[in-house]
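*Asks:* Give me the fold of what follows.
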Amino acid sequence: MADACMSEEFYELAQPMLPPEKEPGPEGGRRPIAHRTVLKVIWFVLVTGCRWKDVPQEIGCCGETARTRLQTWERAGIWDQLHRLLLTMLNREKQLDLKTTVIDSTQVRAFGGGDATGPSPVDRRKKGTKYTLLVDRHGVPLVIRAAPANCSDHHEILPTVVDFPAIGGKPGRPRTHPKKLYGDAGYDCEATRAVLRWLGIEPHIRHRNDKHGSHLGRVRWVVERTISWIKGLRRMRVRYDRSGPSIDAWTTIAAAVVCLHILTEAVS
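*Replies:* The predicted structure is shown next:
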């Protein structure tokens, strides 16, 4: 979906949100690494999955500098702003269907542990992280949440739905929650359905004991495709970062890159 060279469109969208470039002080000194160079390294690490210390020097910036700015910009909310901007652009291009959403999760190995890590029930209890994705009817990633691998889907569905973004781009008040929510049998819980209905959301969640053939998969397949796109960014396949800001930054950037891919395909 993306190659190791940073997309020019990605830089043009992110650059206005970044803080002003710092200049050397009155006593001189070396000029700080340019934001464009740091973004190139962040993009390279996201796509190739390499560790920070393995970043090639010829890119122009060491991995530690890029990691520091990744976390700094995450704390400043820049990655969230970028993701929200791309969602707004997709909405303006009529590429969003916010009435219908689909939820699913995937797990990845977390080497070295760290925040949002727990024993994986599907990987011999090795340390891992669960990513819960909420996408629209076309598979556009709206929310990605990271949690320990042993965290139940029942604990993640409601916080994920609550994080539903209010997206502009069209006349009128932005929608604050979807009209319908589709999920697989892992989210089967009557209490969850009751809360969703109270929020004004119509739940379409398969019951565990029901036979296959409900045709819900005709809607749910888009979230599985988006998960494959997310994992196509190799940094999202295996977790090396230990700190919460880094983990949250990667999930948001991955969602933004997928949105950019969908937007590019739509306007080309």
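
*Asks:* what helix or strand does V257 sit in?
*Replies:* Under the criterion of DSSP states H and E, V257 resides in helix 244-267.

*Asks:* Report all helices and strands that that helix contacts.
*Replies:* Helix 244-267 is packed against helix 8-14, helix 35-48, helix 63-75, helix 78-92, strand 141-148, helix 217-232, with contacts defined by 3 or more Cβ pairs under 8 Å, 6 or more residues apart in numbering; DSSP states H and E. C-beta: built from backbone N, CA, C; applies to glycine.

*Asks:* Make CSV out of those and add distance to I103, mean pLDDT and mean neighbour count.
*Replies:* Shown next, in CSV, are the helices and strands packed on helix 244-267 (distance: least, Cβ to Cβ, whole Å; pLDDT from 0 to 100; neighbours: other Cβ atoms under 10 Å):
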stretch, distance to I103, mean pLDDT, mean neighbour count
helix 8-14, 27, 93, 15
helix 35-48, 24, 94, 21
helix 63-75, 24, 94, 19
helix 78-92, 17, 95, 21
strand 141-148, 9, 94, 22
helix 217-232, 7, 90, 17
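
*Asks:* In CSV: these, plus distance to I167.
*Replies:* Shown next, in CSV, are those (distance: least, Cβ to Cβ, whole Å):
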stretch, distance to I167
helix 8-14, 16
helix 35-48, 23
helix 63-75, 21
helix 78-92, 5
strand 141-148, 8
helix 217-232, 17
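
*Asks:* To A116, which of these lies closest?
*Replies:* Nearest of these to A116, taken as Cβ to Cβ: strand 141-148 at 4.4 Å.

*Asks:* Pairing partners for that closest one, with directions?
*Replies:* Strand pairing for strand 141-148, using DSSP bridges, gives strand 127-136 (antiparallel).

*Asks:* quick one: the strand it pairs with to helix 78-92, angle?
*Replies:* Interaxial angle, strand 127-136 versus helix 78-92 (axes from the mean of the first three to the mean of the last three Cα atoms, to 10 degrees): 30 degrees.

*Asks:* So what angle separates the directions of strand 127-136 and helix 217-232?
*Replies:* Using the same axes, to 10 degrees: strand 127-136 against helix 217-232 is 130 degrees.

*Asks:* Offset the numbering so it begins at 837, please.
*Replies:* All right, first residue 837 from here; so that's strand 963-972.
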